[in-house]
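>>> fold the following.
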Amino acid sequence: MGNSEYIDDNIHRHLGSNILPKGYLELRSFAGKHHALVFFLVYLLSPDARRSRFCVRSDDAIRVWLNGQEIPDLAWLDDRDAETVPETCADIDLQKGPNVLLAAVAETHVAWAFSARIENAEGLIITTTKPHSGQVPITGDQGLLAIEAALLGIGTGRPQQQAMVPAAPVWEADFQLATLEHNDWRLWGPRPDFDASLRPDAHFMLEPVSGRVTFGDGDQGRVPPKGAPILATSYVTRAEKGNVAAGVITGLVDSPHNRAVLGDTFAQLKARVATDPPAPNKDQPPIVNTTAATGGSAAELLAGAIGRAIALLEARGRAVTLEDYEALALATPGVQLARAKALANFDPDTAADSPGTIALIVVPFLPADPMPSQDLKDLVNHYLDRWRLIGTYVKVTGPPMSKWRCRPVSGRRRG
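Numbers count the residues shown, from 1 in each chain. Have a look, this model is predicted:
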């Protein structure tokens, strides 16, 4: 039948003692006396319609209702010995979304106990909080507000609790996390560490590649309260596996998200997604990915990060030395230079000393004119302006040229 999950109620917080193993409650300390009637109410949030099995054990009279309908196989109208009482089970049909489970236990003796569990509980959210906007996604039901999120787990109240995102890697910039506490949502903020986190700060650390979420220890960063659902939303990437070839999309996922977004057109679009071979229909051609998906890449490895760090150390982020001016001039976008030479404290216009002035002599690639044009000098000067230090003035000029006159000379050689 799948996994089994005990149903714990917030009644635990009222019990001062006599708490038996998980799922079992000694109600004497809660009621205080016999001849009492206690109701247990929980909400089962199911991601799909399914058949499960619900089991109860009670030494007193009990009746159980699911979504307003009594489960007759679980009814017991007498008292029994608490140590030998058998467990009674019945098949139940859960509807997609919220389900209301109510049990009434009538105590007729001083000592009494009650337990409940549900089988086939994969994906179920069991909570005593009425699911107003916190229910699982539902479409087509008017008057219901649905959210789309992944349940990471339930708060334990213990320090440094960790939870895993169901799918990873996740997009860190879009990741959001919240807990449902006393009918209110509490948003949590990401931090690289808890060094500056105080006791009430709702902070968490995220490892986007593995999807691991870590909470504080209660002193540096608060802990998720016990019993609080932990939910998260984020975009998920397949990294390099997302680089699929053209024409490989052969299906449309039948998910609450797609049905909510596409609405009434979901069935029509699902039928139009390409099949193999595609069904011929001129009026409604099949939907395919006509081009390949590109750009996906895996997370950076340590060796790549080291190489990038070395490159950043060697990168010129500011023109400080004469070599910086020369290297940046040669890297001017849209300009091809053969050489660049920087001279400090020199004004090329007056050929005189000028403190704070950098003369930058540039030579274009031949066969162009060795003298740079005014447009070329303006481009280099404009580019260097963003890198120069404040108080430094840059003048871009061409190489000094001297005019030479040549005259051929011919003569006879005596032999």
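>>> could you identify the helix or strand that succeeds the biggest strand by length in the chain?
Assignment by DSSP state E gives strand 352-364 as the longest strand of the chain. Note on strand 352-364: by DSSP states H and E, the next helix or strand toward the C-terminus is helix 374-385.
>>> list of residues touching that next one?
319, 325, 328-329, 332-335, 337, 360, 362, 364, 372, 394-398 (C-beta atoms under 8 Å, 6 or more residues apart in numbering). For every residue, glycine as well, the C-beta is placed using N, CA and C.
>>> returning to what we had before: by how many degrees do the longest strand of the chain and helix 374-385 diverge?
Put simply, strand 352-364 runs at 110 degrees to helix 374-385, going by axes from the mean of the first three to the mean of the last three C-alpha atoms, to 10 degrees.
>>> got the buried residues for strand 352-364?
Residues of strand 352-364 classed as buried by neighbour count (16 or more other C-beta atoms under 10 Å): 354, 357-364.
>>> that one - contacts with which helices or strands?
Judged by 3 or more C-beta pairs under 8 Å, 6 or more residues apart in numbering; DSSP states H and E, strand 352-364 is in contact with helix 322-330, strand 337-347, helix 374-385, strand 393-397.
>>> could you redo the last one with a cut-off of 6 Å?
helix 322-330, strand 337-347, strand 393-397 (3 or more C-beta pairs under 6 Å, 6 or more residues apart in numbering; DSSP states H and E).
>>> among the contacts of helix 374-385, name the buried ones.
Buried residues within the contacts of helix 374-385, defined by neighbour count using 16+ other C-beta under 10 Å: 319, 325, 328-329, 332, 335, 337, 360, 362, 364, 372, 394-398.
>>> tell me how many other residues surround the residue nearest to residue 329 when sequence neighbours are not counted.
Sequence neighbours aside, residue 340 is the residue nearest to residue 329 in space, at 4.1 Å (criterion: C-beta to C-beta, 6 or more residues apart in numbering). Neighbours of residue 340 under the rule other C-beta atoms under 10 Å: 19.
>>> now do residue 276, the pLDDT please.
Residue 276 is assigned 52 on the pLDDT scale.
>>> please read the previous query as pertaining to residue 166.
Here the pLDDT value assigned to residue 166 is 86.
>>> wasn't it part of a strand?
No: assigned with DSSP: H, G, I helix; E, B strand; the rest coil, residue 166 falls outside any strand and is coil.
>>> my read: residue 240 touches residue 296, true?
Yes: if you go by C-beta atoms under 6 Å, residue 240 and residue 296 touch, sitting 5.0 Å apart.
>>> and the helices and strands packed on strand 352-364 as TSV, adding mean pLDDT?
Putting those into TSV (pLDDT from 0 to 100) gives the following:
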stretch	mean pLDDT
helix 322-330	90
strand 337-347	91
strand 393-397	92
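>>> export the ones you listed to JSON lines and tack on distance to residue 220?
As requested, these are exported to JSON lines (distance: least, C-beta to C-beta, whole Å):
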{"stretch": "helix 322-330", "distance to residue 220": "43"}
{"stretch": "strand 337-347", "distance to residue 220": "51"}
{"stretch": "strand 393-397", "distance to residue 220": "50"}
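>>> distance between the longest strand of the chain and the chain's centre?
Offset of strand 352-364 from its chain centre (C-alpha atoms, centre = their mean, to the nearest Å): 52 Å.
>>> neighbouring strands of it in the sheet, and parallel or not?
Strand 352-364 pairs in its sheet with strand 337-347 (antiparallel), strand 393-397 (parallel), by DSSP bridges.
>>> need those in TSV with distance to residue 309, can you?
Putting these into TSV (distance: least, C-beta to C-beta, whole Å) gives the following:
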stretch	distance to residue 309
strand 337-347	28
strand 393-397	30
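>>> residue 226 is nearest to which of these?
Closest approach to residue 226 among the strands paired with strand 352-364 (C-beta to C-beta): strand 393-397, 65.6 Å.
>>> starting at the chain centroid, how far to the closest one?
With C-alpha atoms, centre = their mean, you get 49 Å for strand 393-397.
>>> identify the residues contacting it?
Contacting residues not belonging to strand 393-397 are listed as 348, 356-361, 377, 380-381, 384, 388 [C-beta atoms under 6 Å, 6 or more residues apart in numbering].
>>> so how far is residue 97 from residue 253?
Going from residue 253 to residue 97 by C-beta to C-beta, to the nearest Å gives 19 Å.
>>> ok, residue 382 next?
Relative to residue 97, residue 382 is positioned 62 Å away (C-beta to C-beta).
>>> more neighbours, those two?
Neighbours were counted for residue 382 and for residue 97 using other C-beta under 10 Å; residue 97 has more, 21 against 11.
>>> near residue 66, how many other residues are there?
By other C-beta under 10 Å, neighbour count at residue 66 equals 21.
>>> same thing with residue 386?
As a measure of burial, residue 386 has 9 neighbours, counting by other C-beta under 10 Å.
>>> what secondary structure does the residue lying closest to residue 75 once chain neighbours are set aside sit in?
Closest residue to residue 75 apart from its sequence neighbours, by C-beta to C-beta, 6+ apart: residue 63 at 5.1 Å. Three-state assignment for residue 63 (three-state DSSP): strand.
>>> repeat that for residue 157.
Three-state assignment for residue 157 (three-state DSSP): coil.
>>> do I have it right that it meets residue 228?
No: Residue 157 is beyond contact range of residue 228, at 8.7 Å (criterion: C-beta under 6 Å).
>>> so which of the two has more stuff around it?
Between residue 157 and residue 228, counted using other C-beta under 10 Å, residue 228 has the larger neighbour count: 21 against 12.
>>> once you drop chain neighbours, what's closest to that one?
Leaving aside its sequence neighbours, residue 228 sits nearest to residue 155 (C-beta to C-beta, 6+ apart; 3.9 Å).
>>> neighbours around the one you found, how many?
Using other C-beta under 10 Å as the criterion, residue 155 is surrounded by 20 other residues.
>>> contacting residues for it?
Residue 155 neighbours (C-beta under 6 Å, 6+ apart): 224-226, 228.
>>> okay, those residues in TSV with secondary structure, pLDDT and distance to residue 289 next?
What follows is those, written out as TSV (DSSP: H, G, I helix; E, B strand; the rest coil; pLDDT from 0 to 100; distance: C-beta to C-beta, whole Å):
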residue	secondary structure	pLDDT	distance to residue 289
224	coil	95	40
225	coil	94	45
226	coil	91	46
228	coil	90	41
